[in-house]
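Novice: Build me a model:
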Amino acid sequence: MINSLSEARATLAVLMEEVTELSSLESVTPEQEARLDSLVSTEIDEQRARVDALEAREAKVSEIRKLSERESVREEGADPASRGSRKKSDPFDLSEVRGDMSAPGRVRELRARAHDAIEQAPEYVTDAQRTSAAKHLDNDTKGDVAAHYLTYGSPEYVDSWTNYMTTGTFRSSDGEHNRAAMSTTAANGGYLIPFHLDPTVILTNSGSTNPFRAISRVDTIASNVWHGVTSAGVTAEWTAEAAEVTDASPTFAQPTITPVRADAYLQASFEVTQNSDIANQIAMLIADAKDNLEAAAFATGTGSTQPWGLVTRLAATTASRVSAVSNGQFGVADVFALVNALPARHQDMVSWLGHWGIFNLARQFGVGAVGQGAFWADLGPGIPSQLVGAPVYKSSSMTSSLSSATASNDDILVLGNFSRFLIVDAMGLETVYNPLVIGANRRPTGEVGWAAFWRTGSDVLDTGAFRMLRA
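Specialist: Numbering: from 1, shown residues only. So this is what the prediction gives:
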């Protein structure tokens, strides 16, 4: 039984892709026809029902959590007059929140209001994106994330930001001011994107070949550096009566991750900017560029002016590497060797990560052998959703094929507990409007430009939670 909503959605997507590919074939074998009948008659409906049930459960849990937070606010002694009008009031009107903003009761009030802000986000914000924003909020103990949502999510702010992205002028309660004439909301002289469009807050490319954000641990911080504590754990023991216990104090490490600045720039002609929806389109284009940039960094980043990549860290850790049975080759035994090499404590929480091309090699195991079909029993047109009982995810930034060179070192497949791979986002993505693009001859080109800045870091918290196959 699948208990993860993200895993259930991924499985449904794989099944839908399989139906699309099977139905597009001009001729099908009896096995393919039987498979298509099974998908259409039962499997798709069952998986969709499973996704619906998990979504309903998650929505109910979120609602219960918000109600609990509001009850906690009442217990802290919130103003009765404020409580009486809470549901009808504007969540962005913080004048109703009295007292020290760092006090526990006020933090809970901010979080409850921020949940309301998520609910009131525009209709084009998907349920998955709302869920992503809510998860960041639920992990917010200091109120920083809640304050960010409430500051950069009100309808007035969204209207002002949209106007700035099309005209370079930011509307405020004092009228209209250009960027140079007013105190700005971000370090580079621009404005932070509304939270419901912010790719540091919501998942924007759930169907891309960058699965890291979907399966890894993701933390959002309002500071410059993430500080953590890790340990190999405490060792328990059996002892005799009246015997002194052994000191099993663990050794703690204090890893840090510093988000690295990234940017994206695009420009368009004056004619294109006449499109009234240009601001939202720009946000989507920036999110796509961000996703593509991070896809490579999370896999193979060097840690120098970019995040650390999973493959990079594992390649430098001898204990996390498993050599193929035959150098330059990939076989069935290598798959099971990777499974067997992973510590038992992680084996029930693992996922596979590799390039589509490597998974296609695995699908060909056994082809041509007497009495054998392909290695993967669920051999449909698409990549099966599981391999040896663990979910499968594709990364376009990993090695796609085996090298023909002798004594090659191709790091082709990872199996691991991705809760031990951490992505850290500095809250907020800043946008800056350039009202006049200048050409090579120092004359206007008839275009405007937009620059975006954000900060993201990543690293492996425990290399022992992963095993990587080197062929």
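
Novice: Give the next helix or strand downstream of the lowest-mean-pLDDT helix or strand in the chain.
Specialist: Using mean pLDDT, DSSP states H and E, the weakest-scoring helix or strand in the chain turns out to be helix 80-84, at a mean of 43. As assigned by DSSP states H and E, the chain's next helix or strand after helix 80-84 is helix 104-119.

Novice: which other helices and strands contact the helix or strand where A8 lies?
Specialist: Following DSSP H and E, one finds A8 within helix 5-23. In this structure, helix 5-23 packs against helix 30-38, helix 44-75, helix 212-215, strand 390-394, with contacts taken as 3 or more CB pairs under 8 Å, 6 or more residues apart in numbering; DSSP states H and E. Where you see a C-beta, it was placed from the backbone N, CA and C, and this is true even at glycine.

Novice: T258: which of these is closest?
Specialist: Between T258 and the helices and strands packed on helix 5-23, the tightest spacing by CB to CB is seen for helix 212-215, at 18.1 Å.

Novice: Quick check on W161: phi, psi?
Specialist: Per-residue torsions, W161: phi -70, psi -40 (degrees, to the nearest 10).

Novice: my read: it touches G190, true?
Specialist: No. Assessed by CB atoms under 8 Å, W161 is found out of contact with G190, at 10.0 Å.

Novice: what touches both of these two?
Specialist: Residues touching both W161 and G190 (CB atoms under 8 Å, 6 or more residues apart in numbering) are T431.

Novice: Among the helices and strands packed on helix 5-23, pick out the one with the most neighbours on average.
Specialist: Highest mean neighbour count of the helices and strands packed on helix 5-23: helix 212-215, a mean of 22 (counted as mean count of other CB atoms under 10 Å).

Novice: What are the contacting residues of the helix or strand just after that one?
Specialist: Remark: after helix 212-215, the chain's next helix or strand is strand 217-221, criterion DSSP H and E. Identification of contacts with strand 217-221 by CB under 8 Å, 6+ apart yields 136, 139, 144-145, 200-201, 226, 259, 418-427, 461.

Novice: ok, 6 Å please
Specialist: With contact meaning CB atoms under 6 Å, 6 or more residues apart in numbering, strand 217-221 is reached by 136, 419, 422-425, 427.

Novice: How far off centre is it?
Specialist: From the chain centre to the centre of strand 217-221 is a distance of 9 Å (CA atoms, centre = their mean, to the nearest Å).

Novice: Tell me the strands beside it, with direction?
Specialist: In the sheet containing strand 217-221, its partner strands are strand 421-426 (parallel), by DSSP bridges.

Novice: quick one: strands adjacent to the very next helix or strand once past the strand it pairs with?
Specialist: As assigned by DSSP H and E, the chain's next helix or strand after strand 421-426 is strand 430-434. Sheet pairing here is set by DSSP bridges, and for strand 430-434 it gives strand 191-192 (antiparallel), strand 447-460 (antiparallel).

Novice: So for A34, which of the ones you listed sits nearest?
Specialist: strand 447-460 (43.3 Å).

Novice: got a list of contacts for the closest one?
Specialist: 188, 200, 257-267, 269, 273, 282, 286, 298, 307-308, 313, 421, 423-426, 429-432, 434-435, 437.

Novice: Save the contacts of strand 217-221 as TSV, and put in neighbour count and distance to S395 too.
Specialist: Formatted as TSV, the contacts of strand 217-221 follow (neighbours: other CB atoms under 10 Å; distance: CB to CB, whole Å):
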residue	neighbour count	distance to S395
H136	23	24
S419	15	17
L422	22	17
I423	22	14
V424	23	19
D425	24	19
M427	24	26
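
Novice: And the furthest pair within the residues you listed?
Specialist: Greatest spatial distance in the contacts of strand 217-221: S419 and M427, 21.2 Å, computed using CB to CB.

Novice: Give me the distance from stretch 325-342 to the chain's centre.
Specialist: 29 Å.

Novice: Check which residues of that stretch are buried.
Specialist: Neighbour-count burial for stretch 325-342, counted by 16 or more other CB atoms under 10 Å, picks out 327, 330-331, 334-335, 337-339, 342.

Novice: Which ones among those residues lie within helices?
Specialist: Using DSSP state H, the subset of the buried residues of stretch 325-342 located in helices is 334-335, 337-339.

Novice: nearest to E21, of those residues?
Specialist: V335 (24.2 Å).

Novice: Need the pLDDT of that closest one.
Specialist: Model confidence at V335, given as pLDDT, is 92.

Novice: How about T162: what's its closest non-neighbour residue?
Specialist: Distance criterion CB to CB, 6 or more residues apart in numbering; nearest residue to T162, sequence neighbours excluded, is A279 at 4.3 Å.

Novice: That neighbour: neighbour count?
Specialist: By other CB atoms under 10 Å, 21 other residues sit near A279.

Novice: Please verify my assumption that it contacts N163.
Specialist: No. Applying CB atoms under 6 Å, one finds A279 not in contact with N163, separated by 8.4 Å.

Novice: nearest to V61, of the strands paired with strand 430-434?
Specialist: The closest of the strands paired with strand 430-434 to V61 is strand 447-460. By CB to CB, the value is 27.8 Å.

Novice: Could you name the helices and strands sitting against the next helix or strand along the chain from that closest one?
Specialist: Note on strand 447-460: by DSSP H and E, the next helix or strand toward the C-terminus is strand 466-470. Applying 3 or more CB pairs under 6 Å, 6 or more residues apart in numbering; DSSP states H and E, one finds that strand 466-470 makes contact with strand 321-323, helix 332-341, strand 411-416.

Novice: now the angle between helix 332-341 and strand 466-470, please.
Specialist: Angle between the axes of strand 466-470 and helix 332-341 is 160 degrees (criterion: axes from the mean of the first three to the mean of the last three CA atoms, to 10 degrees).

Novice: returning to what we had before: with distance to A59 added, can I get the helices and strands packed on strand 466-470 in TSV?
Specialist: Converted to TSV, these look like this (distance: least, CB to CB, whole Å):
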stretch	distance to A59
strand 321-323	41
helix 332-341	35
strand 411-416	30
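
Novice: Neighbours of T42, how many?
Specialist: If you count neighbours by other CB under 10 Å, T42 ends up with 10.

Novice: residues in contact with Q306?
Specialist: 260, 297.

Novice: where does the stretch 201-350 of the chain dip in pLDDT?
Specialist: For the stretch 201-350 of the chain, the stretches with pLDDT under 70 are 203-209, 232, 275-276.

Novice: Report the separation between the most centrally placed residue in the chain and T463.
Specialist: Taking CA atoms, centre = their mean, the centroid of the chain lies closest to R213, which sits 2.3 Å from it. Distance, R213 to T463, using CB to CB, to the nearest Å: 20 Å.

Novice: Grab the CA positions of stretch 46-55 and hand them over as PDB.
Specialist: Coordinates of each C-alpha in stretch 46-55 appear next as PDB, following Å, rounded to 0.1, in the frame of the first residue of the first chain:
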ATOM      1  CA  GLU A  46      -7.700   2.100  -8.600                       C
ATOM      2  CA  GLN A  47      -4.600   4.300  -8.600                       C
ATOM      3  CA  ARG A  48      -6.600   7.500  -9.100                       C
ATOM      4  CA  ALA A  49      -8.900   6.500  -6.200                       C
ATOM      5  CA  ARG A  50      -5.700   6.000  -4.100                       C
ATOM      6  CA  VAL A  51      -4.500   9.500  -5.000                       C
ATOM      7  CA  ASP A  52      -7.900  11.000  -4.200                       C
ATOM      8  CA  ALA A  53      -7.900   9.300  -0.800                       C
ATOM      9  CA  LEU A  54      -4.400  10.500   0.100                       C
ATOM     10  CA  GLU A  55      -5.200  14.000  -1.000                       C
END
